[in-house]
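Participant: show me the folded form of this:
(2 chains)
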Number of protein chains: 2
Amino acid sequence: MSTGPAQYADAHRAEFLDLLCRLVTQPSVSAQGLGVPECAELLASMMRELGIKATVLPTSGFPVVFGSAPGPEDALTVLIYGHYDVQPPEPYDAWFSPPFEPTVRDGRLYGRGAADNKGQLLAHVLAVGSYLATGTPLPVNVKFLFEGEEESGSPNLEEFVAQNLGLLRCDLVVTSDGPMHDTGRPIVFFGVRGSLYVELIARGACRDLHSGHYGGIAPNPAFELCRLIATMKRPDGKVAVEGFYENVVAPTAYERELMSRIPLDEEALKEDLGVGRLASVGDLSHYERLMFEPTLNVCGLAAGYQGPGSKTIIPARASAKIDMRLVANQDPKDILDKVIRHVRRHSPDVEVVQRGWATAPSKTSPSLPLSIEVVEAVRRASPAEPVVYPSLGASMPDYIFTRVLGVPSIGVPLGNPDEHNHSPNENFRLEEFYRGIGTSLAIISRLGAAAS
Amino acid sequence: MSTGPAQYADAHRAEFLDLLCRLVTQPSVSAQGLGVPECAELLASMMRELGIKATVLPTSGFPVVFGSAPGPEDALTVLIYGHYDVQPPEPYDAWFSPPFEPTVRDGRLYGRGAADNKGQLLAHVLAVGSYLATGTPLPVNVKFLFEGEEESGSPNLEEFVAQNLGLLRCDLVVTSDGPMHDTGRPIVFFGVRGSLYVELIARGACRDLHSGHYGGIAPNPAFELCRLIATMKRPDGKVAVEGFYENVVAPTAYERELMSRIPLDEEALKEDLGVGRLASVGDLSHYERLMFEPTLNVCGLAAGYQGPGSKTIIPARASAKIDMRLVANQDPKDILDKVIRHVRRHSPDVEVVQRGWATAPSKTSPSLPLSIEVVEAVRRASPAEPVVYPSLGASMPDYIFTRVLGVPSIGVPLGNPDEHNHSPNENFRLEEFYRGIGTSLAIISRLGAAAS
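Facilitator: Just a heads-up that it's a prediction; the model follows:
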């Protein structure tokens, strides 16, 4: 009896761990321009050693690694997205072992990128590699798209995808990044909120003024800014910018059912946050607020004197940083226009400046047959029931897959909850690494069965 | 024909300037504890040399110099208030001659304290000295109260006055501090606005939160603070704190007439401030807003991220510094209570913390016979028509005289408009110094005539 991919993967854990260690040893800090192209070459050569056709392709920034392993001609094509770049490792002193010297302790591999995202992308590569090594025919076509700029905001990913629609053509994108649920249960998620960031700048006199000599005479931009911001929300917590909710789509009955099954301990959350009560927005449930409700959030305020004690001035300038989280089918450009119109109407002299990049929201239906198969694959590969999120509250450029490539996109995080991504002592539990390979094998297998 | 005090003063200008130079040479920086008691002793001994009974009296801080020169037993008593301490001289590099090496250039004496306030208090001392030197009977009793902590906010003046009501008993306080009108016309003012300073502190979670993971879930203290501040003013600019205007006294017809005579060039003011329009408060006129209208002014805002670009957080904390300028007969304690009640009602979780000291407003009627005499004396001593201010917009602890001592208090600034008080290259035009002595002589003379 011939060995199947799962048995092969089980038998080659030590080798697979060595491959991950080689990948972590190669720094690839996109923010610092450290070792990124070298890591792309290493990853591509590693994939080729496993029998995957892999090339390093240029972008306007750091290169992507593209790979493919064919299945039957009429089979589904799944595109595995990941990123081989890592967060800066600083502060070095806080690491118990050096970030680029991967070290196994207590059943975990410690090192920058161990889980975010080298370990997780490699789990998929090794699943395909196990098919190829055992001569087992892949039941689906698999493509790999690993970018080198995710930790810097993926500034060139949209352009690359838009220019390579043929190369990347697929039926489904699967991404494994981030941690599983705090309870240790796996997560499958079907979207992210979009984001839009603006700064509101109110100006008064050309210099700070003595509040005694000019109080009642000179305009106060700090008050004007507060007044403007107060107009942006209704008493029930809803955003009062006209047309803000115009394209918002309510959850389906199935999505509501999924949300009702997500663990929720509001008391523990309140204790963790140190708050007496959580925000309320209309009469929405907790997860509906987080997944299906756009936000308008004041990230920062600055005006006049902020030091100790008192300084009696009328500030010359006041500014607020505001971020918005957008949900399907809101469009950042449209929302920006609406915010500008709101400001024009209420405080015509306040300037609106966009900061950073805007990302569109992304949403895949969890009711699609492919969606259901992926959840089922994760269920089979895990000892614990998956937690299914109709969406995350956070933002990622997932719209590039759902809107530019135009296919469903599903997130299957493989990291342990305490992976410490972006922090010192990032680690990947070896058990999760090996189970991740199993999860990938299960996804490939079920998608193959579904299409046949 | 014997020499009168005015002739004596004219003949002794060089000697008087020497005295001022001696006083400026002695540093007396209350904020830095530099030379203050030494300056008190120097000033007292100088006054004694001029025939004034002068002593240095302790307070809980730096000492006061008290002096007296008797007039007829049943005559009025005028108390001249001033301060012998000075602002820190920094930055030294910006001075064309060292701050404590008084230097005459272009008809001005340059040095820290030359005008603020050594030159101005000395003008009064020298006026009395000129009476004594010429054997001319003083037509009023004159008392001097010169403190050493004015530039540090007069923290012990109220206590000293309250504990020495008998010593300081008088019919009127005259203070010469600050500059004359920009046009070079003298100013007489009859009050100041009070002040109250609070910080509003809104708290959310115990740490800044990821706005994607918690947006819609966690409370946002920056928004709450803006909403609260917006409730504090009505659309017409009036303060919306309940009872805020309860004790406010409208100007009398005479005060309105005085305000109508104060020069006003709103176009030049707007150009100087770089604003298209000035603040409006109801339908109040410019000077009524500044002199008879309390303010509630945002001096500073701070929350979350204030650096360049974007950071997507829900701030843990937001705070606003707010100062209020109060008018007769508002009481800082009462207003603080009202502000706290307003905050309790609108944002019960926001903390109100008083910062710095509060000063009550102070108001003397410009219609009193003594008030009219002082204005008339200034008119006689000056080539230009005095500008009479029912009040200043700024705050000084003048209430100590009107409320604690319980007498009228009138301000007669003697400094040139470009005296640069608190700045490098502080200076006192010699012409104003000598005219100030004349103004003091005129005040003494007219008050004497008025009472007889």
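
Participant: identify the residues contacting the closest residue to A:Leu79 other than its chain neighbours.
Facilitator: Of all residues not flanking A:Leu79 in the chain, A:Cys170 sits nearest, at 4.0 Å (CB to CB, 6 or more residues apart in numbering or on different chains). Just so you know, the C-beta spots here come from the backbone N, C-alpha and C atoms, and that holds for glycine as well. If a contact means CB atoms under 8 Å, 6 or more residues apart in numbering or on different chains, then A:Cys170 has A:Thr77, A:Val78, A:Leu79, A:Asn141, A:Lys143, A:Leu405, A:Val407 as its contacts.

Participant: present those as CSV; the columns should include pLDDT, neighbour count and distance to B:Ala40.
Facilitator: Formatted as CSV, those follow (pLDDT from 0 to 100; neighbours: other CB atoms under 10 Å in any protein chain shown; distance: CB to CB, whole Å):
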residue, pLDDT, neighbour count, distance to B:Ala40
A:Thr77, 98, 19, 91
A:Val78, 98, 27, 88
A:Leu79, 98, 24, 84
A:Asn141, 98, 21, 93
A:Lys143, 98, 22, 87
A:Leu405, 97, 21, 82
A:Val407, 98, 19, 85
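
Participant: pick out whichever of those sits closest to A:Ala230.
Facilitator: Among those, A:Leu405 lies closest to A:Ala230 (CB to CB), at 41.3 Å.

Participant: is it true that the closest one touches A:Leu168?
Facilitator: Yes: assessed by CB atoms under 8 Å, A:Leu405 is found in contact with A:Leu168 at 6.0 Å.

Participant: now the common contact residues for those two.
Facilitator: Between them, A:Leu405 and A:Leu168 share the contacting residues A:Leu79, A:Val161, judged by CB under 8 Å, 6+ apart.

Participant: ok so, going back, could you look up the SS state of the residue nearest to A:Leu79?
Facilitator: Three-state assignment for A:Cys170 (DSSP: H, G, I helix; E, B strand; the rest coil): coil.

Participant: how close does it sit to B:Leu447?
Facilitator: Distance of A:Cys170 to B:Leu447, given as CB to CB, to the nearest Å: 97 Å.

Participant: how about stretch A:87-95, does it reach chain B?
Facilitator: No: using CB under 8 Å from any CB of the partner chain, stretch A:87-95 stays clear of chain B, with a minimum separation of 14.9 Å.

Participant: same question for stretch A:249-257.
Facilitator: No: on the criterion CB under 8 Å from any CB, stretch A:249-257 is out of touch with chain B, staying 13.9 Å away.

Participant: can you give me the mean pLDDT across that stretch?
Facilitator: Mean pLDDT, stretch A:249-257: 97.

Participant: with only the CA atoms kept, save that stretch in CSV.
Facilitator: Only the C-alpha atoms of stretch A:249-257 are listed here, as CSV (Å, rounded to 0.1, in the frame of the first residue of the first chain):
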residue,chain,number,x,y,z
VAL,A,249,-25.8,45.3,3.8
ALA,A,250,-27.4,43.6,6.7
PRO,A,251,-26.3,40.1,7.7
THR,A,252,-28.2,37.2,6.3
ALA,A,253,-30.1,34.9,8.6
TYR,A,254,-27.3,32.4,8.2
GLU,A,255,-24.7,35.0,9.1
ARG,A,256,-26.8,35.9,12.2
GLU,A,257,-26.9,32.3,13.1
